[in-house]
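A.B. asks: requesting a structural model of the entry that follows:
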Amino acid sequence: MSEKNSKRIEELEAKIQQAYQVIGVLLAGPNGDAPDFDLPEGQRALDYFSHENYSDDFLPFVHPRHK
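C.D. replies: So this is what the prediction gives:
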């Protein structure tokens, strides 16, 4: 693998880690006590972004309030 590809992979992995943190904060809400964090859908999103595996079936993500 070229140095350019290795650097790009590192950047994408870092971006996924940032996405995980942003999702957690958004799910927790401004006071850290929003119910979305503990919902199965919220945990599913966090679980998905905590692993390197890609799933074609992850989306669409439907919020439980919109079902």
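
A.B. asks: which of the residues in the longest helix seen in the chain are buried?
C.D. replies: When the chain is parsed with DSSP state H, its longest helix is helix 3-28. Neighbour counts over helix 3-28 (16 or more other CB atoms under 10 Å) mark 20, 23-24, 27-28 as buried. For every residue, glycine as well, the C-beta is placed using N, CA and C.

A.B. asks: do stretch 46-61 as well
C.D. replies: Under 16+ other CB under 10 Å, the buried positions of stretch 46-61 are 48-49.

A.B. asks: start to end distance for it?
C.D. replies: Here the two ends of stretch 46-61 are set 12 Å apart, with distance taken as CA to CA, to the nearest Å.

A.B. asks: so in this protein, where's the weakest helix or strand by average pLDDT?
C.D. replies: Lowest by mean pLDDT, DSSP states H and E among the helices and strands of the chain is helix 40-49, with a mean of 93.

A.B. asks: got the contact list for Ser55?
C.D. replies: Contact analysis of Ser55 by CB atoms under 8 Å, 6 or more residues apart in numbering lists Tyr48.

A.B. asks: low-confidence ranges in this protein?
C.D. replies: 63-67 (pLDDT under 70).
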